[in-house]
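>>> predicted coordinates and the sequence they were generated for:
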Amino acid sequence: MAAPNRPQKASKGSSKGAAKGSTKESFVDLKTQTQAQESVLQYTKLTDIPGGVQRLHDTFHDTQKTHSIQYRLNQLRNVYFKLKDNKEQLAEALVKDFGRVAAETRILELTGCLNEITHIMANLHKWIKPEAVKDLPINMITNPVYIERIPLGVVLVISSFNYPLLVSLSPIVGAIAAGNVVVFKPSESTPHFSQLYTKLLTEALDDDIFFTVNGAIPETTKVLEQKFDKIMYTGNNIVGTIIAKKAAETLTPVILELGGKSPAFVLSDTLDKDLKTIARRIVWGRFTNGGQSCVAVDYVLVHETRKAKLVQEIIGILKDEFYPNITKDNENYTHLIHDRSFGNLKKILEATSGKVVYGGDTDSSSRYISPTVIDNVDWDDSTMKGEIFGPILPILTYSDLKVALKKLTSTHDTPLAQYIFTSGSTSRAKNPEIDTILRTVRSGGTMINDVLMHFALRAAPFGGIGNSGQGAYHGWYTFRQFTHERTTVEQQLWNEFALKSRYPPFTEAKIKLVESSQADYNGRVWFGRTGNVAINGPGALFSTWTGIAGIAALVYYFAGTL
Ligand SMILES: NC(=O)c1ccc[n+]([C@@H]2O[C@H](COP(=O)([O-])OP(=O)(O)OC[C@H]3O[C@@H](n4cnc5c(N)ncnc54)[C@H](O)[C@@H]3O)[C@@H](O)[C@H]2O)c1
Ligand SMILES: CC1=C(/C=C/C(C)=C/C=C/C(C)=C/C=C/C=C(C)/C=C/C=C(C)/C=C/C=C(\C)C=O)C(C)(C)CCC1
């Protein structure tokens, strides 16, 4: 069956080469934005959605083609080349959608996405191998016992506009690598990108395992009425709550990748000679992608003795290095995604009781807010109500770290990231202030002396905690998210002579035998009733002794006790 929403073949390569030297000439104007979304992006007909999802259910349950590893790898290979061959067009589409700097698309998204695919392809043969369970009780030591990672079924991926490739590709390819079929809902806020991306993925992937739904709230609502085996949502917390509630109705598990207010601490030990580098990293972490990064530096919390110098350096970096003489036409600076976002940020600027020490210029027609630094901000300021998600950097100072942390955890607990800048040791074992912060603030991720880059690690889990989300992904962790860990025991029939001790009628000897063959410690634990418990417990070694005790019990049993 043909995909209901397969887009018409677009003229291939029409914008080839444009990404490198793009201007904002073709950038969609605010007034025409809503019309542009619907005219550029072909929304999926509501009536096509149930059939499209059902097609994938049928594939998964009836054909079982996704069980073949060869098939999965070939699908991933197709995606790899499709993206690689269309890098410039993808970057150019985002220039049109929100003036996203093409270089940002290349260095922050495209390279990482291709790496994610090759990383999964290179490792899949290891990941799909059943994992032998070690440390078995005596009553199972003769059996093969292993964990199989089986596909979940039909997976729904809903993604956000801000890094539209990065936040969708890892779940899509991870889910396919894990043997699932995927329904994908890209963001309607990037119509040029989503139209092209839909076309490329639809061409690369088998229709039977992949179905894209484009559109806004009605289309997403319709998708959510269908049955899925797991939903992964990336976006804001309000919609995240809607998705989680809807999923709960059918007990569908969810992964939520949400936002948050990620602080950058600048500790009292930072030296004058380091503050320029620190300022540069903070500026990159705030203003990249027009401030629209989930892990952006949302605000700076600097020790009062370092504040003046830090602010001076931040302004210097913005003015002299990153964006000299910035105007709305600057080609290295990304604009805001839509009028709602522009309006919210403008209100924040108008209401702040801090001092705007740099920037503050706006242009509604191109949704531009110049890089803005606000000093003397307190915790009640308009900038501190929620995630800023735009190019505004509030500076808060502290004199007592513990007091600042108390305030932070009582207002913006569980950020997606936290960044700590120090001129001292970067190890929490050697730097007590880092240790205090990390003990107090539970965050999705942490970087010492840098920002953002942890998102790009393909072999480490990325995800939030509490308000910033649930469930982590990337590489192996994505694969795990989209598989069920099924424990399988291959029991033998010949050992019934031993196992029959578990059946009634019970005797004391039978009970003792069963107890000793499965009780791990047989009363001979390595800790006393008082005193400290040894930190290095015996681990698996202890079960060797359990095994020996079990064998002794068996010998005793068959020596004629019964
Ligand atoms: N944790 C992460 O990995 C991560 C990554 C990127 C972005 N984010 C967060 O996402 C937010 C920005 O994204 P956004 O939400 O503005 O993006 P968005 O507007 O593109 O929306 C995200 C998705 O939700 C859908 N949606 C919108 N309203 C809906 C509704 N009522 N019902 C169902 N679906 C609906 C959209 O169609 C879209 O596909 C920020 O808070 C950012 O921090 C988090
Ligand atoms: C080549 C050799 C060397 C030089 C190496 C150099 C100069 C390497 C520089 C690498 C840099 C600067 C890489 C930067 C990468 C940044 C990344 C990947 C950032 C990613 C952030 C992301 C994805 C954020 C995402 C946020 C989201 C999704 C939120 O919504 C030498 C000199 C070392 C010698 C050997 C050869």
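Thanks, I have the structure now. Ligands and ions are numbered 1, 2, ... in the order given.
>>> so which bits of the protein are right by ligand 1?
When proximity is defined as CB under 6 Å from any ligand atom, the chain approaches ligand 1 at 158-163, 167, 185, 187-189, 216-217, 220-221, 234-236, 239, 242, 257-259, 294, 387, 389, 416, 464, 469. Heads up, the C-betas are built off the backbone N, CA and C, glycines and all.
>>> just the buried residues from those residues, in ChimeraX please.
Selecting only the buried entries of the residues of the chain next to ligand 1 in ChimeraX, with 16 or more other CB atoms under 10 Å as the criterion:
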select :158,159,160,161,162,163,167,185,187,188,189,220,234,235,239,257,258,259,294,387,389,416,464,469
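>>> just the residues of the chain next to ligand 1 that are near ligand 2?
The overlap between those and the neighbourhood of ligand 2 (criterion: CB under 6 Å from any ligand atom) consists of Asn162, Tyr163, Val167, Cys294.
>>> read off the pLDDT value for the second one.
Looking at Tyr163, its pLDDT stands at 98.
>>> likewise the last one?
At Cys294, the predicted lDDT confidence score is 98.
>>> cool, and the third one?
According to the prediction, Val167 has pLDDT 97.
>>> now, which of the residues of the chain next to ligand 1 lie within strands?
Ile158, Lys185, Thr234, Glu257, Gly469 (DSSP state E).
>>> what's the most distant pair in those?
Farthest apart among those by CB to CB are Lys185 and Gly469. That separation is 17.6 Å.
>>> surely Thr66 is in a strand?
No: under DSSP: H, G, I helix; E, B strand; the rest coil, Thr66 falls outside any strand and is assigned helix.
>>> wait, it touches Asn180, no?
Yes: the pair formed by Thr66 and Asn180 meets the contact definition of CB atoms under 8 Å, at 6.7 Å.
>>> now the common contact residues for those two.
Residues touching both Thr66 and Asn180 comprise Phe60, Pro151, with contact defined as CB atoms under 8 Å, 6 or more residues apart in numbering.
>>> contacts for stretch 305-317 next, please.
The list of residues contacting stretch 305-317 from outside it, by CB under 8 Å, 6+ apart, reads 266-268, 270, 272, 275-276, 278-280, 282-283, 300, 302, 357-358, 373, 375, 393, 395, 397.
>>> per-residue confidence at Asp207?
Residue-level pLDDT assigned to Asp207 equals 97.
>>> could you give the number of residues near it?
Burial measure for Asp207: 16 neighbouring residues, criterion other CB atoms under 10 Å.
>>> dihedrals phi and psi, the residue in the chain positioned nearest to ligand 2?
Here the residue of the chain nearest ligand 2 is Cys294; by CB to the nearest ligand atom that distance is 3.1 Å. For Cys294, the backbone dihedrals (degrees, to the nearest 10) come out as phi -60, psi -30.
>>> list the contacts for it?
Applying CB under 8 Å, 6+ apart, one finds that Cys294 lies in contact with Asn162, Tyr163, Thr234, Glu257, Leu258, Gly259, Gly260, Leu416, Phe455.
>>> my guess is the fifth one meets Thr241, correct?
No: here Leu258 lies out of contact with Thr241, judged by CB under 8 Å, at a distance of 9.3 Å.
>>> find the nearest non-adjacent residue to the single nearest residue of the stretch 151-300 of the chain relative to ligand 1, please.
Among residues of the stretch 151-300 of the chain, the one nearest ligand 1 by CB to the nearest ligand atom turns out to be Gly259. It sits 2.4 Å away. Counting by CB to CB, 6 or more residues apart in numbering, Glu387 is the residue found nearest to Gly259 once chain neighbours are left out, at 4.5 Å.
>>> report pLDDT for that neighbour.
According to the model's per-residue confidence, Glu387 sits at a pLDDT of 97.
>>> state the distance from it to Gly354.
With distances defined as CB to CB, to the nearest Å, the gap from Glu387 to Gly354 amounts to 17 Å.
>>> what does His67 give?
Distance, His67 to Gly354, using CB to CB: 58 Å.
>>> more crowded one of these two?
The neighbour comparison of His67 against Gly354 (other CB under 10 Å) goes to Gly354, with 20 against 12.
>>> ok, now which ones touch the more buried one?
Contacts of Gly354 by CB under 8 Å, 6+ apart are Ile374, Asp375, Asn376, Val377, Asp378, Asp381, Thr383, Pro394, Ile395.
>>> include secondary structure when you put these into JSON lines, please.
Formatted as JSON lines, the entries for the contacts of Gly354 read as follows, by three-state DSSP:
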{"residue": "Ile374", "secondary structure": "strand"}
{"residue": "Asp375", "secondary structure": "strand"}
{"residue": "Asn376", "secondary structure": "coil"}
{"residue": "Val377", "secondary structure": "coil"}
{"residue": "Asp378", "secondary structure": "coil"}
{"residue": "Asp381", "secondary structure": "coil"}
{"residue": "Thr383", "secondary structure": "helix"}
{"residue": "Pro394", "secondary structure": "strand"}
{"residue": "Ile395", "secondary structure": "strand"}
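>>> show me which of the residues you listed are buried.
Burial by neighbour count, 16+ other CB under 10 Å: within the contacts of Gly354 this picks out Ile374, Asp375, Asn376, Val377, Asp381, Thr383, Pro394, Ile395.
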